[in-house]
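>>> I need the structure of the sequence given here:
(one chain, ligands or ions: 1)
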Amino acid sequence: MNAMHTDPIPNPLQHQSGFSVTPALEAEVNELLTHYPEKRAASLMVLHAIQDAFGWISQEAVEWTAKKLDLQPINIYEIVTFYPMLRQQPMGKYQIKVCRTLSCALGGAYELREHFCKKFGLDAHAHGPQTTKDGKFTVEFVECLASCGTPPVMMCNDDFYENVSHAKADEIVGKCK
Ligand code: FES
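Residues are numbered from 1 along each chain as shown. Prediction:
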């Protein structure tokens with residue numbers, strides 16, 4: 001029996017049709033590589049650069065990154081599936097993250113997420129991130145955002161909000177153009 005394992009390594013990430021790295025992104029990645037003693041050490045930073053460019057990490061992105069870093073796709077795939085901040089599916093233009101840890105849960109986080117879901121026509125009972133059909137908003141629960149004294153707490157992309165009433169939530173959404 002041949003001891004060589006020839007089955008393809010599982011990579012159940014979604015496909016991204018038309019995935020193409022721009023010269024600017026490749027230049028950014030090349031520059032990143034200069035900061036590390038070996039290419040592999042730059043894996044996480046390269047993935048962040050790719051995620052900044054595309055919003056998520058696809059099968060094609062994993063394969064491109066592996067090739068760029070002289071690694072196997074499994075070496076990149078294991079990083080993508082380990083770190084929750086690396087996205088395995090396309091996200092909306094605006095990512096709304098509602099903290100659901102204890103203080104926020106008691107302070108109305110579940111009602112706040114439900115408010116967003118109803119507002120956007122999403123299923124409030126579904127698990128995981130949900131994105132509107134037009135790709136504008138993604139709503140999801142996250143764990144503690146480190147402002148437990150001012151619940152409920154949320155982020156909209158990089159902006160941080162505390163004591164978010166439903167009226168304040170509507171205001172935040174209204175600013176998302
Ligand atoms: S519990 Fe929500 S910020 Fe800590």
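
>>> what residues does the chain put near the ligand?
Within the chain, the positions adjacent to the ligand are Cys99, Thr101, Leu102, Ser103, Cys104, Cys144, Leu145, Ala146, Ser147, Cys148, Pro151, Val153 by Cβ under 6 Å from any ligand atom. Using the backbone N, CA and C atoms, a C-beta is placed for each residue, glycine as well.

>>> What about these, which are in helices?
Leu102, Ser103, Cys104 (DSSP state H).

>>> okay, those residues in a markdown table with pLDDT next?
As requested, those are exported to a markdown table (pLDDT from 0 to 100):
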| residue | pLDDT |
| --- | --- |
| Leu102 | 97 |
| Ser103 | 98 |
| Cys104 | 98 |
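
>>> which residues in this structure form strands?
Remark: strands assigned in the chain by DSSP state E are 94-99, 130-131, 137-142, 154-156, 159-161.

>>> is it possible to export these to TSV including mean pLDDT?
As requested, the strands of the chain are exported to TSV (pLDDT from 0 to 100):
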stretch	mean pLDDT
strand 94-99	95
strand 130-131	92
strand 137-142	95
strand 154-156	97
strand 159-161	97
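
>>> quick one, what contacts Ile50?
Applying Cβ atoms under 8 Å, 6 or more residues apart in numbering, we find Ile50 in contact with Val21, Leu25, Val29, Ile57, Ala61, Trp64, Thr65.

>>> Let me see the ranges of the helices in this protein.
Ranges of helices in the chain, per DSSP H, are 23-33, 43-54, 59-68, 73-82, 102-106, 109-120, 166-174.

>>> need the contact list for the residue nearest to Gln95 when sequence neighbours are not counted.
Spatially, and ignoring its direct neighbours in sequence, Gln95 is nearest to Thr138 (4.8 Å; Cβ to Cβ, 6 or more residues apart in numbering). Thr138 is in contact with Met91, Gly92, Tyr94, Gln95, Ile96, Pro129, Gln130, Thr131, Thr132, counting by Cβ under 8 Å, 6+ apart.

>>> Out of the residues you listed, who's the most crowded?
When neighbours are counted by other Cβ atoms under 10 Å, Ile96 leads the contacts of Thr138 with 25 neighbours.

>>> Kind regards, and thank you for your time.
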